[in-house]
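Novice: Here is my input, please return the structure:
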Amino acid sequence: MNKIPSFTIDHNRLLRGIYVSRKDNVADEVITTFDIRMKEPNREPAMHPGALHTIEHLAATYLRNDPEWKDRIVYWGPMGCLTGNYLLLRGDFTSRDIVELMRRTFRFIAEFEGDIPGAAPRDCGNWLLHDLPMARWEACKYLYEVLDCIKEENLVYPE
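Specialist: Okay, the predicted model is just below:
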């Protein structure tokens, strides 16, 4: 059985950043999948599931309401390895194209106060698994250490 492309990335050299994971043609459109990598795999601790779950709720809420991008959002969700998230967009995009969108998204999370959208038993399959303070801390760290000073090595997968 052949390996899928994402399993061929050298995760031991992967930095935090925004990467184009794949592009798929669906009907007459391109769907671009982004790897929104918040942790260096295998070199720093993964995120706590409660923090990542809260980031998922807040980012999905923000992105689906962003005036410029809301009609292009297909999906936002956590990686199973707890080191980041996937963002799927309608359209053919590069990593650089969404840097400002990710800055706004993570600023929203870092500054969020109040009730987490969709974090009630009726709306969420694991509504008790949320950690807003840690989600804000992780978002702040990613925003200030990566997004606000992003470099080419944070936008292109290592060879």
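Novice: Show me where the chain has its strands.
Specialist: In the chain, the segments counted as strands under DSSP state E are 17-26, 29-37, 73-78, 84-90.
Novice: Next, count neighbours for residue 60.
Specialist: 19 (other CB atoms under 10 Å). C-beta here means a position set from N, CA and C on the backbone, and glycine is covered the same way.
Novice: Over to the one 3 residues further on?
Specialist: For residue 63, the neighbour count with other CB under 10 Å is 21.
Novice: do the same with residue 152
Specialist: 9.
Novice: Give me the pLDDT for it.
Specialist: Here the pLDDT value assigned to residue 152 is 96.
Novice: how close does it sit to residue 93?
Specialist: Counting by CB to CB, to the nearest Å, the separation of residue 152 from residue 93 is 16 Å.
Novice: How about residue 73: what's its closest non-neighbour residue?
Specialist: Spatial nearest neighbour of residue 73, chain neighbours left out: residue 63 (4.8 Å); criterion: CB to CB, 6 or more residues apart in numbering.
Novice: Contacts only, for that neighbour.
Specialist: Listed by CB atoms under 8 Å, 6 or more residues apart in numbering, the contact partners of residue 63 are 69-70, 73, 76, 87, 101, 105.
Novice: which among those end up buried?
Specialist: 69, 73, 76, 87, 101, 105 (16 or more other CB atoms under 10 Å).
Novice: Listing request: residues of the protein with sub-threshold pLDDT.
Specialist: For the chain, residues meeting the criterion pLDDT under 70 lie at 1-5.
Novice: residue ranges for the helices of it, please.
Specialist: For the chain, the helices defined by DSSP state H cover 49-63, 99-111, 132-145.
Novice: which one of those lies closest to residue 38?
Specialist: Residue 38 sits nearest to helix 132-145 of all those, at 4.9 Å, using CB to CB.
Novice: looking at the helices of the chain, which is buried most?
Specialist: Highest mean neighbour count among the helices of the chain (mean count of other CB atoms under 10 Å): helix 49-63, with a mean of 22.
Novice: ok and it relative to strand 29-37, angle-wise?
Specialist: 140 degrees (axes from the mean of the first three to the mean of the last three CA atoms, to 10 degrees).
Novice: what about dumping the CA coordinates of helix 49-63 to CSV?
Specialist: Extracted in CSV, the C-alpha atoms of helix 49-63 (Å, rounded to 0.1, in the frame of the first residue of the first chain):
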residue,chain,number,x,y,z
PRO,A,49,-7.1,18.2,23.9
GLY,A,50,-9.3,20.8,25.8
ALA,A,51,-7.3,23.7,24.5
LEU,A,52,-7.3,22.3,20.9
HIS,A,53,-11.1,21.7,21.1
THR,A,54,-11.7,25.3,22.2
ILE,A,55,-9.4,26.5,19.4
GLU,A,56,-11.5,24.5,17.0
HIS,A,57,-14.8,26.0,18.2
LEU,A,58,-13.4,29.6,18.2
ALA,A,59,-11.6,29.4,14.9
ALA,A,60,-14.5,27.8,13.1
THR,A,61,-16.8,30.5,14.5
TYR,A,62,-14.4,33.3,13.4
LEU,A,63,-13.7,31.9,10.0
